[in-house]
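[1] Structure for this input, please:
(chains A and B)
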Amino acid sequence: MIEMRDICVTFNAGMVIETRALRSLELSIPEGEFITVIGSNGAGKTTLLNTIAGETPVDSGSVLIDGTDVTTWSTARRARLAARVFQDPMAGTCENLSIEENLALASARGRSRGLRSAVNPGRRKDFQARIGALGLGLDDRLGDRMGLLSGGQRQAVSLVMATLNPMKILLLDEHTAALDPKTAAYVMDLTDRIVGDVGLTTLMVTHSMRQALDHGTRTLMLHEGKIVLDVAAEQRKGLGVEDLLHLFESVRGSQLDDDKLLLS
Amino acid sequence: MSLIAFLGSIETGLLFGLVALGVFLSFRVLNFPDLTVDGSLPLGAATSATLIVNGADPYLATLAAVFAGACAGLVTAFLNVRLKILHLLASILTMIGLHTVNLRIMGKPNQALLGEETVFTPFEGLGLPYYWLIPIFLLILVTLVLVLLNLYLGSESGLGMRATGSNQRMAASQGIETGRMKLLGIAMSNGLVGLAGALFAQIQGGADITMGVGVIVVGLAAVILGEAVLSTRTILLATIACILGSILYRLVVALALNAEFLGLQAQDLKLITAVLVVVAMTLPDARRRWLSSRRKSGASS
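    Numbering: from 1, shown residues only, chains lettered A, B, ... in the order given. The predicted model follows:
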């Protein structure tokens, strides 16, 4: 259970370019929910994700994970609770390290790292099985440098890395945006499979309304740092992209001028 | 080149191989350009020499030098990690500060070690001349350091250090305390350089305040030369390359100084090193451009 209470985040406070990225945002995520988040550029989607991950400090408000106030915790300390896949395939993995070393790094997430050998035959077998399940033919390339993989392969491995260890929430930051349509569909399928298998609590930021409605159990729309739309269950079923736009317009009481961007 | 001169090059190469490993840790593993080594080498030398002339056991004195070097590294990393000073500047500040510290430790600009006991003294009974004894001693020591360093960099903690240097954001998101990793890594790096300084003082018979000048460039030259002659695909190969690069560097320098027609003198060494590093750093890029331009002109004709 993740709770965000009265979260305010301001960038460049006191300067001409001051941006209020999140304005008194309130959000409660029950366990097992798969939330998709949409919104135009600058709506605060990524900031929302970053405040949960601990990368962006909040001006006020608090973040609670399972009742523990983690507002002042560093990113590294929160890693035990939150796993993450970045938008940029380069960002979520170490390109100079091998695939198995990347997996070994991720498999120690949330544990203290000692002087034990990071990759041993037992672990290698486990990694091989998990990477083999991707069906990308990477299982006999565990020793290859991560940098040799394509963007889609790296995102797939990132997903496996994120889900090696237990967590309270999985954060997906437009993790298919940098991929070609076919690869994006593959990675999205994989996401559904991994998330669905264990009923992971997930927050996925996306640029595509279609994707937001087709996946997950609840959809949020952000606008100017606030949640302007929150649909789940029956209300969400049968909702189309057009309906979403109309809903958004009625909530905002104004014509959207960037629906092209949202529709893309 | 005579055998003694050859062994002398190997000896210095192995000794500065320790510096190269330190530079490899900071520059390559942590991606942290650390110039502290110019101060931590004489720090190690001054610490061990002063302790030895005051009657300390040479092994304990050498250990103290490692510790002193590590502390110098900690200062640099602290300035960067906690006080947010740019890494390069942080290391220069420590380096300058260490100049005073080194003078204070010795109480004068140099400290002779003539006739004193050193870490090599217990092995004199083997009957080997010093020009054999020291390279063999260093070879065993460097091998030991190499093995330990590889075991560490292959461990969970060591992998965390490599991730910190490779992709800090990802490392933090995997729960790695990147600040702590930098403190540890830069301390290890300068501890190695402190060790090299202590041994250097005991080999050449004293510590001198100026012995640290340009150490960073020599270390970097060794790392880059090593990368040029050996693949750095794995950490083991990359660390061996550092040692090989260091030895190769000394051999090249010795050959250049020996070649009378070149007219080079010992005092030209620093300039040669600087030029060597510039050439070695720009060569791969220049080669790539030359190859691609040749390919282009080949395709159009």
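
[2] Low-confidence regions, the stretch 151-264 of chain A specifically.
    Low-confidence segments of the stretch 151-264 of chain A (pLDDT under 70): A:251-264.

[3] Strands along that one, start to end?
    For the stretch 151-264 of chain A, strands defined by DSSP state E, counting those that start in this stretch occupy the ranges A:169-173, A:202-205, A:218-223, A:226-232.

[4] Tell me which of the ones you listed sits nearest to chain B.
    strand A:169-173 (9.0 Å; Cβ to the nearest Cβ). Where you see a C-beta, it was placed from the backbone N, CA and C, and this is true even at glycine.

[5] give me the number of residues near residue A:88?
    15 (other Cβ atoms under 10 Å in any protein chain shown).

[6] my guess is it meets residue A:178, correct?
    Yes. With contacts counted by Cβ atoms under 8 Å, residue A:88 reaches residue A:178, the gap being 6.1 Å.

[7] Now whatever residue of the stretch 101-250 of chain B ends up closest to chain A. Nearest residue, chain neighbours left out?
    Relative to chain A, the nearest point of the stretch 101-250 of chain B is residue B:175 (3.1 Å; Cβ to the nearest Cβ). Spatial nearest neighbour of residue B:175, excluding adjacent residues (Cβ to Cβ, 6 or more residues apart in numbering or on different chains): residue A:79 at 3.1 Å.

[8] What distance do you get for the one you found to residue A:154?
    19 Å (Cβ to Cβ, to the nearest Å).

[9] Chain A: helices as residue ranges?
    A:45-53, A:75-78, A:99-107, A:121-132, A:151-162, A:181-198, A:209-214, A:233-236, A:241-252, A:259-263 (DSSP state H).

[10] between the ones you listed, which gets nearest to chain B?
    helix A:75-78 (4.3 Å).

[11] tell me the mean pLDDT over that closest one?
    Across helix A:75-78, the average pLDDT comes to 93.

[12] is that helix anywhere near chain B?
    Yes. Under the criterion of Cβ under 8 Å from any Cβ of the partner chain, chain B is reached by helix A:75-78 at A:75-77.

[13] Pull out the buried members of these.
    When burial is judged by neighbour count using 16 or more other Cβ atoms under 10 Å in any protein chain shown, the buried members of those are A:75-76.

[14] Which of the residues of helix A:75-78 next to chain B sits closest to residue B:52?
    Among the residues of helix A:75-78 next to chain B, residue A:76 lies closest to residue B:52 (Cβ to Cβ), at 42.5 Å.

[15] quick one, what contacts the closest one?
    B:172, B:175-178 (Cβ atoms under 8 Å, 6 or more residues apart in numbering or on different chains).

[16] what do you get if the cut-off is 10 Å, keeping everything else the same?
    A:54, A:109, B:160, B:171-181 (Cβ atoms under 10 Å, 6 or more residues apart in numbering or on different chains).

[17] Need the buried ones from the residues you listed selected in ChimeraX.
    To isolate the buried subset of the contacts of residue A:76 in ChimeraX, counting by 16+ other Cβ under 10 Å, use the following:
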select /A:54,109 /B:160,171,172,173,174,175,176,177,178,179,180,181
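
[18] so how far is residue A:162 from the residue lying closest to residue B:178 once chain neighbours are set aside?
    Nearest residue to residue B:178 in three dimensions, chain neighbours excluded: residue B:164, at 4.5 Å (Cβ to Cβ, 6+ apart). According to Cβ to Cβ, residue B:164 and residue A:162 sit 19 Å apart.

[19] hang on, the earlier thing: next, format the contacts of residue A:76 as CSV and append pLDDT and distance to residue B:248.
    Shown next, in CSV, are the contacts of residue A:76 (pLDDT from 0 to 100; distance: Cβ to Cβ, whole Å):
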residue, pLDDT, distance to residue B:248
A:54, 93, 46
A:109, 92, 41
B:160, 96, 32
B:171, 95, 33
B:172, 94, 38
B:173, 94, 40
B:174, 95, 37
B:175, 94, 40
B:176, 96, 35
B:177, 95, 37
B:178, 96, 34
B:179, 97, 36
B:180, 96, 35
B:181, 97, 31
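
[20] wait, which of the contacts of residue A:76 is closest to residue B:78?
    residue B:179 (9.5 Å).

[21] mind checking which helix or strand that closest one is in?
    Secondary structure from DSSP states H and E places residue B:179 in helix B:178-204.

[22] Which residues of chain B lie near chain A?
    Selection of chain B residues close to chain A by Cβ under 10 Å from any Cβ of the partner chain yields B:28-29, B:31, B:151-167, B:169-181, B:232-235.

[23] Identify the contacts common to residue A:88 and residue A:178.
    Common neighbours of residue A:88 and residue A:178 (Cβ under 10 Å, 6+ apart) are A:151, A:154-155.

[24] Make a ChimeraX selection of the buried ones in those.
    Of these, the buried ones go into a single ChimeraX selection, burial set by 16+ other Cβ under 10 Å:
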select /A:151,154,155
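
[25] Now render the shared contacts of residue A:88 and residue A:178 as a markdown table, adding distance to chain B.
    Formatted as a markdown table, the shared contacts of residue A:88 and residue A:178 follow (distance: Cβ to the nearest Cβ, whole Å):
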| residue | distance to chain B |
| --- | --- |
| A:151 | 15 |
| A:154 | 11 |
| A:155 | 13 |
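
[26] would CSV of the shared contacts of residue A:88 and residue A:178 with distance to residue B:12 be doable?
    Output for those, formatted as CSV (distance: Cβ to Cβ, whole Å):
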residue, distance to residue B:12
A:151, 47
A:154, 44
A:155, 49
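
[27] for the closest residue to chain B within chain A, what are its contacts?
    Nearest residue of chain A to chain B: residue A:79, at 3.1 Å (Cβ to the nearest Cβ). Residue A:79 sits next to A:53-54, A:73, A:106, A:108-111, A:165, A:167, B:171-177 when contact means Cβ under 10 Å, 6+ apart.

[28] Kindly recompute the last result at 7 Å.
    A:109-110, B:173-175 (Cβ atoms under 7 Å, 6 or more residues apart in numbering or on different chains).

[29] same deal with residue B:201?
    Counted by Cβ under 7 Å, 6+ apart, residue B:201 has contacts B:45, B:48-49, B:113, B:207.

[30] at 6 Å what do you get?
    Contacts for residue B:201 (Cβ atoms under 6 Å, 6 or more residues apart in numbering or on different chains) come out as B:45, B:48-49, B:207.

[31] Can you tell me, leaving aside adjacent residues, what's nearest to the residue nearest in space to the middle of chain A?
    For chain A, the residue sitting closest to the mean C-alpha position, by Cα atoms, centre = their mean, is residue A:172 at 1.5 Å. Once flanking residues are discounted, residue A:172 sits nearest to residue A:204: 4.1 Å by Cβ to Cβ, 6+ apart.

[32] what about stretch B:138-146, distance to the chain center?
    Offset of stretch B:138-146 from its chain centre (Cα atoms, centre = their mean, to the nearest Å): 14 Å.

[33] Could you give me the buried positions within that stretch?
    B:138, B:141-142, B:145-146.

[34] which parts of chain A sit against chain B?
    Within chain A, the positions adjacent to chain B are A:75-76, A:79, A:84, A:92, A:94, A:96, A:101, A:105-106, A:108-110, A:113-118 by Cβ under 6 Å from any Cβ of the partner chain.

[35] Need the buried ones from those selected in PyMOL.
    To isolate the buried ones among these in PyMOL, judged by 16+ other Cβ under 10 Å, type:
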select buried, chain A and resi 75+76+79+84+92+94+96+101+105+106+108+109+110+113+118
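
[36] how distant is the helix or strand hosting the residue nearest to residue B:178 from the center of its chain?
    Element membership of residue B:164 [criterion: DSSP H and E] is helix B:156-166. When distances are taken as Cα atoms, centre = their mean, helix B:156-166 is centred 20 Å away from the chain's centroid.

[37] now for it, which elements pack on it?
    helix A:99-107, helix B:178-204 (3 or more Cβ pairs under 6 Å, 6 or more residues apart in numbering or on different chains; DSSP states H and E).

[38] And the strands in chain B?
    Under the criterion DSSP state E, strands of chain B are mapped to B:110-112, B:206-208.

[39] For the helix-or-strand element of chain B with minimal mean pLDDT, buried residues please.
    Every helix and strand of chain B was ranked by mean pLDDT, DSSP states H and E. The lowest is helix B:269-300, at a mean of 80. For helix B:269-300, the neighbour count (16+ other Cβ under 10 Å) marks B:273, B:276-277, B:280 as buried.

[40] Brilliant, that's me finished.
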